[in-house]
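Engineer: Provided below for reference: sequence and predicted model.
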Amino acid sequence: MIMTKNKNIGSANSWILVIIFMVVIGVGVYISKNTSQEKSVMEGDSMMEDGQTNEGDTMMEDDNMMMEDKVLGAYEVYAPEKLAEADTKNVVLFFHAPWCPTCRALDEDINDSLSDIPEDVLILKTDYDTNGELKKKYGVTYQHTLVQVDSAGEMIAKWSGSNTLESLISNIK
């Protein structure tokens, strides 16, 4: 009886060793693959023997220049002094709660699309749970409400239900 238990334990240990071995091999392949991709990217940006850069380098420089030239809008945490930017931009307060699923979805979409925020738009992430005075001022009764304001903090428009940055932008007056 004792030998049978030891045999089963030995068999279980063998399976554990096989699983560990497979995990180690998988991690090694993953690291090797990523390292070789990084190496090829770095080599693709290297100088050619005649001193000229290759196409990959030129494309990378063009992308960097385009990013530097493109003026983007912004998505920032609310601060009262930022309302002054409404003199030159469309300022939208996004009443957000971290526990709200629709708020998190819009927040994620905005963060994934930061480069798509028009240069004349400033979205201010406003904490629904801690900004009671602002909620009262704008009549906000539930999270995921958006309020467009002017530089004096007066409401221009109010809406809810924008699930994407594109939808949010389409509601700006």
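Structural biologist: Looks like it arrived, so ask away. Residues are numbered from 1 along each chain as shown.
Engineer: Can you list the low-confidence ranges for this structure?
Structural biologist: The chain contains residues with pLDDT under 70 at 1-71.
Engineer: What segments of it are helices?
Structural biologist: 2-44, 55-69, 101-112, 132-138, 165-170 (DSSP state H).
Engineer: Kindly state the beta-bridge partners for the closest residue to Asn171 other than its chain neighbours.
Structural biologist: With Cβ to Cβ, 6 or more residues apart in numbering as the criterion, Asn171 has its nearest non-adjacent residue at 5.0 Å, and that residue is Trp159. Every C-beta, even on glycine, is put in place using the N, C-alpha and C of the backbone. For Trp159, the beta-bridge partners are Leu146 (DSSP bridges).
Engineer: Look up which residues are beta-bridged to Glu76.
Structural biologist: Leu124.
Engineer: In contact with it: list those residues for me.
Structural biologist: 82, 122-125 (Cβ atoms under 8 Å, 6 or more residues apart in numbering).
Engineer: now do Ile110
Structural biologist: 75, 94, 117, 123, 165, 168.
Engineer: can you tell me how far the third one sits from Leu124?
Structural biologist: Using Cβ to Cβ, to the nearest Å, Ile117 is found at 12 Å from Leu124.
Engineer: Of the two, which one has the most company?
Structural biologist: Leu124 (22 against 18; other Cβ atoms under 10 Å).
Engineer: number of nearby residues for the nearest residue to Gly139 once chain neighbours are set aside?
Structural biologist: Nearest non-adjacent residue to Gly139, counting by Cβ to Cβ, 6+ apart: Lys158, 7.2 Å away. As a burial measure, Lys158 scores 16 neighbours (other Cβ under 10 Å).
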